[in-house]
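K.L.:
here's a sequence, model it:
(4 chains)
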Number of protein chains: 2
Amino acid sequence: MSTRSIAIPAWLRLVRVFQKVDHASVELLRQWDLSVAQFDVLVQVGNTEGMTQQQLADRLLVTKGNVCQLLDRMEQRQLLVRQQEGRANRIYLTEAGKSLRVEALPAQEQLIERIFASVPRAEQSALLASLRRLDHSLE
Amino acid sequence: MSTRSIAIPAWLRLVRVFQKVDHASVELLRQWDLSVAQFDVLVQVGNTEGMTQQQLADRLLVTKGNVCQLLDRMEQRQLLVRQQEGRANRIYLTEAGKSLRVEALPAQEQLIERIFASVPRAEQSALLASLRRLDHSLE
DNA sequence: GATTGCAAGTTTAGCGGTAAACTCTACTGA
DNA sequence: TCAGTAGAGTTTACCGCTAAACTTGCAATC
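P.N.:
As a prediction, this is how the structure comes out:
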């Protein structure tokens, strides 16, 4: 039995899976003219109505500059509104934003379920456990 | 014991891990003024000297338009050369490109090893197996 | 109350990526 | 032969993202 680490192949495979699932998401969300980034905003703001731009940036692991641009486009499309409060902007979904979220989120979740159905339930648990370890080891 | 699928949390965790490891790679490669995309080109072209732009695009799962722009910048930095042959361009690393590859690749691999060290060897095998299943189920 | 300073947001240059239109070259077939 | 076509590469417009410089508003301290 080999003692060499398989970290590299595991990482390369993880990247591959990420890219492919991401592409599938892009395809799915295209029917609502949504990018993955915009979809993520819709999901997060829907979960925590009234969050600030900085909070959103922290959740998404992106810069506040990026969030600002994303919100510009989404506000223009009337999917959400900024509401100034002190020196922060609180974000709220419009009705159009909410109904888009209610359509797209279940579809996206079904896509993920379908893809992961190729992995048996017990293996999914182990997968999740390993990923959690990796995540926590990166702070 | 619950029977509900954990596909969604597993996917969200996978995304998180990808983002964090990717950020760590960006930090590491910054010391050679390399982006992850440029590093990937260096690795692939080093593995298969003389490959065409289209072959490279297929390997990296990106468009040929993207490869064209990446190569523009890297050729300008004299890390590689295009050599026209019929209607295709064959790509070769320069000496500068090769030596950069020889420096950066082991460092990158050590980074991955270090991160994955938090997962026991047996668990890494299971992780790899699950990821392979996912990959293959996406064609 | 004026000064200082920090925190939230905005702007801009530049890279990475896609899609689509375009050029150029080679091959194929009537 | 030569018209058509398909494949490889290039270009362009636009989105996602970062880093860094910039603006603005609030608070604390003197």
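K.L.:
the lengthiest helix in chain A vs helix B:7-30, what angle?
P.N.:
Longest helix in chain A by number of residues (criterion: DSSP state H): helix A:7-30. Between the axes of helix A:7-30 and helix B:7-30, defined by axes from the mean of the first three to the mean of the last three Cα atoms, to 10 degrees, the angle is 120 degrees.
K.L.:
list the helices and strands helix A:7-30 packs on?
P.N.:
helix A:36-47, helix A:95-116, helix B:7-30, helix B:95-116, helix B:121-137 (3 or more Cβ pairs under 8 Å, 6 or more residues apart in numbering or on different chains; DSSP states H and E). Every C-beta, even on glycine, is put in place using the N, C-alpha and C of the backbone.
K.L.:
for residue A:14, which of the ones you listed is the nearest?
P.N.:
Closest approach to residue A:14 among these is made by helix B:121-137 (5.7 Å; Cβ to Cβ).
K.L.:
the closest one close to chain A?
P.N.:
Yes. Residues of helix B:121-137 contacting chain A under Cβ under 8 Å from any Cβ of the partner chain: B:121, B:123-137.
K.L.:
give the buried residues for that helix.
P.N.:
B:123-124, B:126-135 (16 or more other Cβ atoms under 10 Å in any protein chain shown).
K.L.:
not counting it itself, show me its contacts.
P.N.:
Applying Cβ atoms under 8 Å, 6 or more residues apart in numbering or on different chains, the contact partners of helix B:121-137 are A:3, A:5-7, A:9-10, A:13-14, A:16-17, A:20-21, A:115-116, A:118-119, A:123-124, A:126-127, A:129-131, A:133, B:116, B:119.
K.L.:
can you pull the contacts of the most centrally placed residue in chain A?
P.N.:
Nearest to the mean C-alpha position of chain A, counting by Cα atoms, centre = their mean, stands residue A:40 at 4.3 Å. The neighbours of residue A:40, taking Cβ under 8 Å, 6+ apart as the test, are residue A:60.
K.L.:
need the residues of chain A near DNA strand C, please.
P.N.:
A:26, A:52-54, A:57, A:64-65, A:68-69, A:71-72, A:82, A:87-89 (Cβ under 7 Å from any atom of the strand).
K.L.:
fine by me, thanks again.
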